[in-house]
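Asker: Need coordinates for the below:
(2 chains)
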Amino acid sequence: ETGVTQSPTHLIKTRGQQVTLRCSSQSGHNTVSWYQQALGQGPQFIFQYYREEENGRGNFPPRFSGLQFPNYSSELNVNALELDDSALYLCASNRGGEGYGYTFGSGTRLTVV
Amino acid sequence: RKEVEQDPGPFNVPEGATVAFNCTYSNSASQSFFWYRQDCRKEPKLLMSVYSSGNEDGRFTAQLNRASQYISLLIRDSKLSDSATYLCVVSLNSGNTPLVFGKGTRLSVIA
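Answerer: Below you'll find the model as predicted:
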C-alpha cells in the first residue's frame, strides 16, 4: 500500500477555471515531485519541492504552481485550465538523496471540458 | 530527439514466452536507471533499478550499456499478470534529480 495519498482521485473542470490538487507524502519524505501523464504518454516532470522550496522545474508554464508544507503535504495549482491539461497528475516523494526511492501516489485524473 | 525512447509496442505474447524491451537515452550524464511498471489507470511502480553489471530479479533481467546509452529488460516465462506498460526511466544522479520517463511499452500476455 502506497504511503503517498492524493486527492481528489477524479476531477472535472471547465476550461479557464483553476484547480488545486493535493498530495500527502510519507513521513520523513522531504522531497516531493509532481508529474503530468497524458493519455498514452510517460509521466512528464512538472516541478519539485525540497523543504518547502521549489528546486527544479520542467517545461511547464507559470500557470502551473505549487506549494509544500512543513507537514510534507503539498499542492499543485493550475490556473486558466486548457483542454490539453486533461491528464493524470502524479505526486512522488522521497527522503532526498535517494533518487531510486521515489514513491508515487495513485494520482488525480483531471478532465478539462 | 526525445530524452528517453522505447520500443513503440504493443507487444502481444503467449504465456511462457520471453520478451525483451529496449530503451535508449540521450543524456550521457545520466547516472541512475530504472524500469517501472504501470498497470492500467494506476500509478507507476518501481520494478527494478538497472546497474552497469546487469541485474536479475526472478524472471526479470535488466542490462545497461553506458557506451551505447542503451537499457534493456528481459522477461522470461511470461505470466498473464505481467500484462502492463513498462516504463524506462533515467535520472541524472541518485540525488534529488527528477525522473525522466520514456513513453512506455505496453505488454499483453495472452493465455
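Asker: and A:Arg95, what is it in contact with?
Answerer: A:Arg95 makes contact with A:Gly28, A:His29, A:Asn30, A:Thr31, A:Gly101, according to Cβ atoms under 8 Å, 6 or more residues apart in numbering or on different chains. Heads up, the C-betas are built off the backbone N, CA and C, glycines and all.
Asker: Check those residues and tell me the two furthest apart.
Answerer: Greatest spacing in those, by Cβ to Cβ: A:Asn30 and A:Gly101 (11.9 Å).
Asker: gap between B:Tyr51 and B:Ser32?
Answerer: B:Tyr51 sits 10 Å away from B:Ser32, going by Cβ to Cβ, to the nearest Å.
Asker: no, scratch that, I was asking about A:Glu82
Answerer: 33 Å.
Asker: How about B:Lys42?
Answerer: B:Lys42 is 23 Å from B:Ser32, by Cβ to Cβ.
Asker: Stretch B:53-61 near chain A at all?
Answerer: No: contact between stretch B:53-61 and chain A is absent, the nearest approach being 12.4 Å (criterion: Cβ under 8 Å from any Cβ of the partner chain).
Asker: That stretch: end-to-end distance?
Answerer: 11 Å (Cα to Cα, to the nearest Å).
Asker: Tell me, how many residues neighbour A:Arg57?
Answerer: Look at A:Arg57: counted by other Cβ atoms under 10 Å in any protein chain shown, it has 14 neighbours.
Asker: quick one, which of B:Tyr51 and B:Ser32 is more surrounded?
Answerer: More crowded of B:Tyr51 and B:Ser32, by other Cβ under 10 Å: B:Ser32, with 18 against 12.
Asker: bridging residues for that one?
Answerer: Note on B:Ser32: beta-bridge partners B:Ser91, judged by DSSP bridges.
Asker: I'd assumed B:Val90 was in contact with it.
Answerer: Yes: assessed by Cβ atoms under 8 Å, B:Ser32 is found in contact with B:Val90 at 6.8 Å.
Asker: OK, now which residue of chain B is nearest to chain A?
Answerer: B:Phe101 (3.4 Å; Cβ to the nearest Cβ).
Asker: burial count for the closest residue to that residue other than its chain neighbours?
Answerer: Distance criterion Cβ to Cβ, 6 or more residues apart in numbering or on different chains; nearest residue to B:Phe101, sequence neighbours excluded, is A:Gly42 at 3.4 Å. The tally of other residues near A:Gly42 (other Cβ under 10 Å) stands at 23.
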